[in-house]
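# quick one, structure for this:
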Amino acid sequence: MIRLTNLTKHYQSGDETVAALRGVSLAIAAGEFVTIMGQSGSGKSTLLSILGGMNHPTTGEVEMAGVRLYDLSGEKLADFRSQNLGFVFQSFHLIPYLTALENVMLPLAITALKREAKFEAARRALDQVGLGAKLDRLPNQLSGGEQERVAIARAIVNRPKILLADEPTGNLDTRLSEEVMALFRTLNEDGQTVVMVTHNPDNCAYADRTITLRDGLIVPNAELPTARLMATA
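Residues are numbered from 1 along each chain as shown. Reported below is the predicted structural model:
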């Protein structure tokens, strides 16, 4: 599903060149749940933004779903993102004056679906995250965990091949974090490919494996099949 080959990313800071990624090669299979760990500045968010088609690498190749991502033109890259990728962020980015249903419908605005089909798709996504009874609530009428579930429903409403999440539990307490991580695991068990950046080691227990970045490189000995270890403990 995802293949990265010798990926590098350099930024210019004044007269200094900063290497955020320094030759990352990685393969992720369809249906995998992978977490990416690393200290601040390790390159994990840069890696996720490149996977999301939002940040051109300096060198290297990114292949997703059989497509060489950065060989696409700007318009075709945007089409690929909307058709194949779902995004969940630490900040929920919900529109405060739209209901949960209307927020979830937003990614469908550019599709050719009729309005009734968009409503149905959004209802189905909210049902999938356990919020089918709260589709008419505004964000300020929902708890933090429920707002995150709306954000997840919005990310999966177009049935993306790959779900990318950047610190999705960063603003949640322990109980709500566990609920949200259990939801990600359920989505994965239903066939969703998930790639998640997290700073919380507890979140890695829900994944098939964890990849650790340090100074823009993968740490080989830190790549652990966490979920399988739990299952056999």
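# residues in contact with residue 219?
212-213 (CB atoms under 8 Å, 6 or more residues apart in numbering). Backbone N, C-alpha and C define where each C-beta goes, glycine included.
# likewise residue 21?
Residues in contact with residue 21 (CB under 8 Å, 6+ apart) are 7-9, 43, 46-47, 50, 57, 216.
# closest one of those residues to residue 19?
Checking the contacts of residue 21 against residue 19 by CB to CB gives residue 216 as the nearest, at 5.5 Å.
# report the longest helix in the chain, please.
In the chain, assigned by DSSP state H, the helix with the most residues is helix 174-189.
# so can I have CSV of the contacts of residue 21 showing neighbour count, pLDDT and distance to residue 121?
Output for the contacts of residue 21, formatted as CSV (neighbours: other CB atoms under 10 Å; pLDDT from 0 to 100; distance: CB to CB, whole Å):
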residue, neighbour count, pLDDT, distance to residue 121
7, 23, 95, 34
8, 16, 96, 38
9, 22, 95, 35
43, 25, 92, 35
46, 21, 93, 32
47, 28, 95, 30
50, 24, 94, 28
57, 21, 95, 33
216, 23, 93, 39
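# in CSV: these, plus secondary structure and distance to residue 109.
Converted to CSV, the contacts of residue 21 look like this (DSSP: H, G, I helix; E, B strand; the rest coil; distance: CB to CB, whole Å):
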residue, secondary structure, distance to residue 109
7, strand, 32
8, strand, 35
9, strand, 31
43, coil, 33
46, helix, 29
47, helix, 29
50, helix, 26
57, coil, 29
216, coil, 37
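# how close does the residue lying closest to residue 202 once chain neighbours are set aside get to residue 103?
Leaving out its chain neighbours, the residue that sits closest to residue 202 by CB to CB, 6 or more residues apart in numbering is residue 177, at 7.5 Å. Per CB to CB, to the nearest Å, residue 177 is found 21 Å from residue 103.
# out of the two, which sits in the busier spot?
Set residue 177 next to residue 103 and count neighbours by other CB atoms under 10 Å: residue 103 wins out with 26 against 20.
# and the pLDDT for that one?
Each residue has a pLDDT score; the one for residue 103 is 95.
# what's the burial count for the closest residue to it other than its chain neighbours?
Leaving aside its sequence neighbours, residue 103 sits nearest to residue 94 (CB to CB, 6+ apart; 5.0 Å). Applying other CB under 10 Å, we find 22 residues neighbouring residue 94.
# same check on residue 162?
With other CB under 10 Å as criterion, residue 162 counts 21.
# for residue 173, see how far away it is.
If you go by CB to CB, the gap between residue 162 and residue 173 works out to 28 Å.
# give me the pLDDT for the residue nearest to residue 103.
93.
# quick one: it from residue 126, how far?
Counting by CB to CB, the separation of residue 94 from residue 126 is 13 Å.
# okay, and the common contacts of those two?
residue 150.
# for the helix or strand where residue 76 lies, packing partners?
Using DSSP states H and E, residue 76 sits within helix 74-84. Judged by 3 or more CB pairs under 8 Å, 6 or more residues apart in numbering; DSSP states H and E, helix 74-84 is in contact with no other helix or strand.
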